[in-house]
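Novice: next comes the sequence, and after it the predicted model I'd like to discuss.
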Amino acid sequence: MGAKFGPAGNSESFAAMGYKKTIQVPEYIVHMGLDAYEYQCGRGVRISTEAAQAFGQKAKEAGVTLSLHSPYYISLSSLEEEKRTGSIDYILQSARAADAMGAQRVVVHSGSCAKLSRTDALELAKDTLRRALQAMDEEGLGHIHLCPETMGKLNQLGDLQEVLELCQLDERLIPCIDFGHLNARTFGTLNDPQAVRAVFEQMEDKLGISRLRQFHSHFSKIEYTLKGGEKCHLTFADTEYGPSFEPVAEMIVRKGCSPTIICESAGTQAEDAAAMKRMYQQAKEKEQIV
């Protein structure tokens, strides 16, 4: 199958090339040499069922694999029951939209630890996630995969171990490994190929080879501070913060993975996704030669 690459939302080049409407996105994705796209609902699920179905049909015709990013304000670990119940509803809204457009994956943020210990926050997140899965099952949406995302700020729930523990709740949960976030929250350690290898090995150890091979991913270069972790997303023009994609591409090939890699660069996400696709193809060619 192989890895698939695409942007989170639209690059600046989308409008610059004369595209104006969401329904034109699949054509743009193919034009950029890509095969995936993550529909952004970070500020709320505002797409109608009819519009989602029409968009999904265009994507299917173009051979573009869709995923959907749920609202940023979801908090699985909130101390307030009302907020956690609301988060379940936001997940349901996201799953409905994803289903209408034929997307199989919904990316979810875990929330912050606030005044809780990381252990207590994780237990609350597990409970909320279990309830969200049950609600999805009751609506006939159990085929939609939720993808808990690794986060970049130190006060956020969602380091690698926490995300893998959340995914152990149900085999339908697929980790969204954001390599830029992990690099930011560990102050640049993912520029080391051995650290990248460790990420893949931990995924395999905790979730098994099947979920490793189909993991979801976000990738971008991210500026960070030693006090809080993630500060802002950059582009591939950055040479200071990283991380580099080449070690990730090599591990994808070495482990026989077929992930969906979504680029979240600041304004050049489609162009940088295309650059990652080239690196991946080069890694495959190198492996074949060896």
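Specialist: Yes, it's here.

Novice: only C-alpha atoms, please: export stretch 22-37 in CSV.
Specialist: Below are the C-alpha coordinates for stretch 22-37, written out as CSV (Å, rounded to 0.1, in the frame of the first residue of the first chain):
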residue,chain,number,x,y,z
THR,A,22,-13.6,23.5,-0.8
ILE,A,23,-15.1,21.3,-3.4
GLN,A,24,-12.0,22.1,-5.5
VAL,A,25,-9.5,20.7,-2.9
PRO,A,26,-9.3,17.2,-4.3
GLU,A,27,-8.3,18.6,-7.7
TYR,A,28,-5.6,20.7,-6.0
ILE,A,29,-4.3,17.8,-4.0
VAL,A,30,-3.8,15.7,-7.1
HIS,A,31,-2.2,18.7,-8.9
MET,A,32,0.3,18.9,-6.0
GLY,A,33,1.1,15.2,-6.4
LEU,A,34,-0.4,14.2,-3.1
ASP,A,35,-3.0,11.6,-2.1
ALA,A,36,-4.4,12.6,1.3
TYR,A,37,-6.1,15.6,3.0
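
Novice: so what touches it?
Specialist: 4-7, 10, 13-14, 17, 19, 51, 54-55, 58-59, 61-67, 260-262, 270-271, 273-274, 277 (CB atoms under 8 Å, 6 or more residues apart in numbering). Yep, even glycine has a C-beta here, placed from its N, CA and C like the rest.

Novice: just the pLDDT at L116, thanks.
Specialist: pLDDT recorded at L116 is 88.

Novice: the spatially closest residue to G9 that is not a sequence neighbour: what's it in contact with?
Specialist: By the measure of CB to CB, 6 or more residues apart in numbering, the closest residue to G9 outside its immediate chain neighbours is Q40, 4.4 Å from it. Applying CB under 8 Å, 6+ apart to Q40 gives the contacts A8, G9, H69.

Novice: one more time with 10 Å, if that's ok
Specialist: Taking CB atoms under 10 Å, 6 or more residues apart in numbering, we find Q40 in contact with P7, A8, G9, N10, L68, H69, S70, P71, Y72, V107, E264.

Novice: and for the first one, the neighbour number?
Specialist: So that's P7. The number of residues packed near P7 is 28, by other CB atoms under 10 Å.

Novice: helix or strand for it, just tell me which one.
Specialist: Element membership for P7 (DSSP states H and E) is strand 4-7.

Novice: tell me the mean pLDDT for that strand?
Specialist: For strand 4-7, mean pLDDT rounds to 98.

Novice: which residues of the stretch 1-150 of the chain fall in helices?
Specialist: 12-16, 25-31, 49-62, 81-101, 118-138 (DSSP state H, counting those that start in this stretch).

Novice: hmm, P71 and G44 touching each other?
Specialist: Yes. Using CB atoms under 10 Å, G44 and P71 qualify as a contacting pair, with a distance of 5.6 Å.

Novice: more neighbours: those two, which one.
Specialist: Taking other CB under 10 Å, G44 and P71 do not tie; P71 has more neighbours (19 against 13).

Novice: might you list the low-confidence residue ranges for this protein?
Specialist: 289-290 (pLDDT under 70).

Novice: could you export stretch 265-273 as PDB, CA atoms only?
Specialist: Output in PDB follows, covering the C-alpha atoms of stretch 265-273 (Å, rounded to 0.1, in the frame of the first residue of the first chain):
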ATOM      1  CA  SER A 265       3.500  23.600   8.100                       C
ATOM      2  CA  ALA A 266       2.600  27.200   8.400                       C
ATOM      3  CA  GLY A 267       1.200  28.100   4.900                       C
ATOM      4  CA  THR A 268       3.300  25.600   2.900                       C
ATOM      5  CA  GLN A 269       1.800  22.400   4.100                       C
ATOM      6  CA  ALA A 270       1.000  21.000   0.700                       C
ATOM      7  CA  GLU A 271       4.500  21.800  -0.700                       C
ATOM      8  CA  ASP A 272       6.200  20.400   2.400                       C
ATOM      9  CA  ALA A 273       4.000  17.300   2.200                       C
END
